[in-house]
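Enquirer: Here is my input, please return the structure:
(chains A and B)
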Amino acid sequence: MLDDVAIRIRQNIGIVTAVLLFSILYLLYNLAHPKGFSSAVLVQNGDEIFALAMLAMAQTVPVLASGLDLSVGAVMTMVGCFASYLLTGAAGGAALHLDIFGLHLGLGTFPGGVSGILLGIVICLAIGALAGFVNGCVVVYGRIQPIIATLATGAIYIGIALFLRPTPGGKIDEDLNWALTNSLGDFAATVHIFDDGAAQWFAPVAWIPVPFVLLVLIALLVWVPFRRSVIGRAVYAVGSAEGAAYMSGLPIERAKIAAFTLAGFFAGCGGLFLAIQTSSGNADIPQAGAYTLNSIASVVIGGTSLLGGTGSAIGSIFGAMILRVISFFFRIFDIAPLLQPLFEGLILLAAVSIGALGVLRVKNTLELFR
Amino acid sequence: MSSASLSLSRDDRPILIAALFILVILVAGTVYTFARFGSAPLLSPTYLLQQLQIGAFLGIVAAGMMMVILIAQIDLSVPWTLAAAAMMATSIGGPLAIPVGLGVGLLVGLVNGIGVAYLRVPSMIFTLGVNAVMRGLMVAHTGGYAPQTGATDLMRMLAGDRTLGIPNALFVWIAVSVLVTIVLQRTTLGRYVYAIGNKEAAAYLAGVDTRRITVVCFVLCGLAAALAGVLLAGYSTKAYQGMGDAYLLPSIAAVVIGGTNILGGRGRYLGTLIGVVLIVLLNSVLSIMDMPEAGRQVIYGLVIIFMLLVYGRGERVTS
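Expert: Numbers count the residues shown, from 1 in each chain, chains lettered A, B, ... in the order given. As a prediction, the model looks like this:
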């Protein structure tokens, strides 16, 4: 029994380290924060973590299939720009039109109100998944290396985002913004359930921030079933030995397409939340690039091998949270903003270098070349 | 497929197709300008030389990037290596400006190489961290503002002036190109680079010190980025924040469009040269057409996918 646990820990040493590191860092952060261990701090942190955590999950799936998705930041930005048109929640609905090649095409009215918002959310997530599906098709049927294929599709998605929002703007329904970026109590009060959140039994959980709940829900309802499905296992198999996976009759093409589609879906979730949180759509190219690169860093810190085949999206969530908590520390300890990028870089380098010290123990140099 | 293209080697086909595509861009652009303005600026030597002068910076970065891609690695630290070299060169000034700038590149390349070759950290993540550190150092150094120091006369002369009507930057690019071509085709280092890119374990078993070669490749890439930074500072008379950001993805794209396999081991330098010219001309035609940024990004992405669909497709996994 104990041996069993030991083996499991050794197999998941990356994730275990990430979880431990995050717990220690976050505990220290709350101890140092004047308002530590309060719902307000938790809510603020949750809002800041969510988008990166989603992108980290998004990046994990293609990485597991030993691909890399350089378009996650672009998909996030594009979905955010779509959301800024579809989630206005205006009472009479919003009139949509398309100005292209000098033509002015009316696209009818997008419904407003609650049903309109729900429809808008579904459409936004579908757009994210579709973008990921296109990535997957280019990689599988075009047989183009994922890193370069997604570099190209990423440019296309950024182009679409810029077309939608040449300048930052748009609007997101205020209630939606309030409900999703605060605690469960505020959520209940906004959507009028559980006696507006005042119900007795609801009180013990009312302090939990909605972003964390969403994160757990997405992980449990999307990632875990995927991980356990045949396609999910095929993704891992493709990442560890594509040839062997093919010879075993696994659906490797479907697995790759599914991996990229899921990445697009997760990135879409991140973009949707970012738009809701900032109440606007913004085709910010540097931001998209920074999110993509940070998602790769999160994946590595979270214990997933960039070579594919081992790791998990859950680990990447913790990787993303570690990255974010480090930047929270800068605020607490009043580190000059000018020095922050330097510390971020040094910590990232230190983390990956310490993780790599195992190579010094390798006796047969040949084992290094995989 | 005609017999002519059949007789071409696997490495030459992409170069030929990319060159043809450059002609297509030139013709399409000229038709557009002729119809709209009644002139053909794209075909004037002055305009083309000016475009090549701007392209020289990308060309030099891409030459270094190619060395790294050929050994199946990647260098994401190029943007801030470039900017750091430019900032250091301008703030030192005097005759030492260029050596110091190149020294920055050498140092960054050395760190990258050691991290990737000896610690075996994936280059994607290690160079990303180094890029963040360089950015942090430069932000701390400059206080986040554009540095007030200017480029030295020599830097301006190398990047901005012309000799016999030809931009000096072009001469530097040609010199770098000749050097890279000789290294890749005529030296043992070049052979080792291709060998490592194909199968590092095999190269190691054949007696190649693969780790040292990896370090050398990263140093060359750092030096190239630094040289481009020094020249770019000379061209715009000063260094500025984020001056390297526009060079990372285009340099990778240029190398790949030129037929170099992103997984390493295959590709000719001539292809990278053609890839750079293609990207530079595409950009200039799009700006002549007054294409908004949105359209540029979409076309840019479509061109990369199209080119790779034509000749960059991988092989189907069957065993």
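
Enquirer: tell me the pLDDT at the spatially most central residue of chain B?
Expert: Taking Cα atoms, centre = their mean, the centroid of chain B lies closest to B:Ala62, which sits 1.4 Å from it. pLDDT for B:Ala62: 95.

Enquirer: Can you give me every residue that contacts it?
Expert: By Cβ atoms under 8 Å, 6 or more residues apart in numbering or on different chains, the contact set of B:Ala62 is B:Pro250, B:Ser251, B:Ala254, B:Val255, B:Thr272, B:Gly275, B:Val276. For the C-beta atoms, the positions are set from N, CA and C on the backbone; glycine is no exception.

Enquirer: so which of those is the most crowded?
Expert: Tallying neighbours with other Cβ atoms under 10 Å in any protein chain shown puts B:Ser251 at the head of those, with 34 neighbours.

Enquirer: Show the residue spans covered by the strands in the stretch 1-150 of chain A.
Expert: A:94-100, A:103-110 (DSSP state E, counting those that start in this stretch).

Enquirer: circling back to that earlier point, closest one of the contacts of B:Ala62 to A:Pro166?
Expert: Distance to A:Pro166 across these (Cβ to Cβ) is lowest for B:Pro250, with 22.0 Å.

Enquirer: What number of residues are in the vicinity of residue 22?
Expert: All of this refers to chain A. Neighbour count for A:Phe22, taken as other Cβ under 10 Å: 21.

Enquirer: my bad, chain B
Expert: B:Ile22 has 18 neighbouring residues, counting by other Cβ under 10 Å.

Enquirer: element containing it?
Expert: helix B:12-37 (DSSP states H and E).

Enquirer: just to revisit the earlier point, tell me the two of the contacts of B:Ala62 that are most distant?
Expert: Maximum pairwise distance in the contacts of B:Ala62, criterion Cβ to Cβ, is 11.8 Å, between B:Pro250 and B:Thr272.

Enquirer: can you pull out the strands in the stretch 51-200 of chain B?
Expert: When assigned using DSSP E, counting those that start in this stretch, the strands of the stretch 51-200 of chain B occupy the ranges B:162-163, B:166-167.

Enquirer: Listing request: residues of the stretch 1-150 of chain A with sub-threshold pLDDT.
Expert: A:1, A:91-93, A:100-103, A:106 (pLDDT under 70).

Enquirer: could you redo the last one with a cut-off of 90?
Expert: Across the stretch 1-150 of chain A, the ranges flagged by pLDDT under 90 are A:1-21, A:25-46, A:66-68, A:85-118, A:143, A:145, A:147-148.

Enquirer: for the residue of it found nearest chain B, phi and psi?
Expert: In the stretch 1-150 of chain A, the residue that lies nearest chain B is A:Arg143 (4.2 Å; Cβ to the nearest Cβ). For A:Arg143, the backbone dihedrals (degrees, to the nearest 10) come out as phi 50, psi 40.

Enquirer: how about the residues of the stretch 201-350 of chain A near chain B?
Expert: When proximity is defined as Cβ under 8 Å from any Cβ of the partner chain, the stretch 201-350 of chain A approaches chain B at A:242-243, A:246-247, A:252, A:286, A:293, A:296-297, A:300, A:306-307, A:337-346, A:348-349.

Enquirer: Select from those every entry located in helices.
Expert: Within those, residues falling in helices by DSSP state H are A:242-243, A:246-247, A:252, A:286, A:293, A:296-297, A:300, A:340-346, A:348-349.

Enquirer: of those residues, buried ones?
Expert: Neighbour-count burial (16 or more other Cβ atoms under 10 Å in any protein chain shown) is assigned, among these, to A:242, A:246, A:252, A:293, A:296-297, A:300, A:340-345, A:348-349.

Enquirer: so where's the stretch 51-200 of chain B uncertain?
Expert: Those would be B:51-54, B:72, B:89-98, B:118-126, B:128-129, B:132, B:135-169, B:199-200, if you go by pLDDT under 90 across the stretch 51-200 of chain B.

Enquirer: Which parts of it are helices?
Expert: Ranges of helices in the stretch 51-200 of chain B, per DSSP state H, counting those that start in this stretch, are B:78-92, B:97-117, B:123-142, B:153-160, B:168-186, B:188-198, B:200-205.

Enquirer: CSV for these, including distance to B:Leu26 and mean neighbour count?
Expert: Putting those into CSV (distance: least, Cβ to Cβ, whole Å; neighbours: other Cβ atoms under 10 Å in any protein chain shown) gives the following:
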stretch, distance to B:Leu26, mean neighbour count
helix B:78-92, 28, 28
helix B:97-117, 34, 23
helix B:123-142, 35, 23
helix B:153-160, 25, 18
helix B:168-186, 18, 17
helix B:188-198, 32, 19
helix B:200-205, 40, 18
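
Enquirer: Out of those, flag the one nearest chain A.
Expert: For chain A, the closest of those is helix B:123-142, at 2.6 Å, according to Cβ to the nearest Cβ.

Enquirer: Can you name every helix or strand that that closest one contacts?
Expert: Counting contacts by 3 or more Cβ pairs under 8 Å, 6 or more residues apart in numbering or on different chains; DSSP states H and E, helix B:123-142 is packed against helix A:285-301, helix A:340-356, helix B:78-92, helix B:97-117.

Enquirer: now the angle from it to helix A:340-356?
Expert: Helix B:123-142 runs at 150 degrees relative to helix A:340-356, counting by axes from the mean of the first three to the mean of the last three Cα atoms, to 10 degrees.

Enquirer: Give me the distance from helix B:123-142 to the chain's centre.
Expert: 19 Å (Cα atoms, centre = their mean, to the nearest Å).

Enquirer: do stretch A:127-143 as well
Expert: In terms of Cα atoms, centre = their mean, the centre of stretch A:127-143 is found 18 Å from the chain centre.

Enquirer: Where does the closest residue to A:Asn135 other than its chain neighbours fall, secondary structure wise?
Expert: Nearest residue to A:Asn135 in three dimensions, chain neighbours excluded: A:Phe260, at 4.3 Å (Cβ to Cβ, 6 or more residues apart in numbering or on different chains). In the assignment (DSSP H and E), A:Phe260 maps to helix A:252-278.

Enquirer: elements contacting that helix?
Expert: helix A:39-64, helix A:72-86, helix A:113-140, helix A:174-180, helix A:210-218, helix A:230-240, helix A:242-247.

Enquirer: interface residues of the stretch 201-319 of chain B facing chain A?
Expert: B:201, B:204-205, B:210, B:245, B:249, B:252-253, B:256, B:262-263, B:292-302, B:304-305, B:308-309, B:312-319.

Enquirer: out of the residues you listed, which are buried?
Expert: B:204, B:210, B:245, B:249, B:252-253, B:256, B:262, B:294, B:296-301, B:304-305, B:308, B:312.

Enquirer: separation between the residue nearest to A:Val362 when sequence neighbours are not counted and B:Glu200?
Expert: With sequence-adjacent residues excluded and distances taken as Cβ to Cβ, 6+ apart, A:Val362 is closest to A:Leu368, at 6.1 Å. Distance, A:Leu368 to B:Glu200, by Cβ to Cβ, to the nearest Å: 8 Å.

Enquirer: hang on, the earlier thing: deepest in the core, which of the helices and strands packed on helix A:252-278 is it.
Expert: Ranked by mean neighbour count under mean count of other Cβ atoms under 10 Å in any protein chain shown, these are led by helix A:72-86, which reaches a mean of 30.

Enquirer: angle of it against helix A:113-140?
Expert: Here helix A:72-86 runs at 150 degrees with respect to helix A:113-140, directions being taken by the same axes, to 10 degrees.

Enquirer: how far off strand A:103-110 does helix A:72-86 point, in degrees?
Expert: Taking the same axes, to 10 degrees, one finds helix A:72-86 and strand A:103-110 inclined to each other by 70 degrees.
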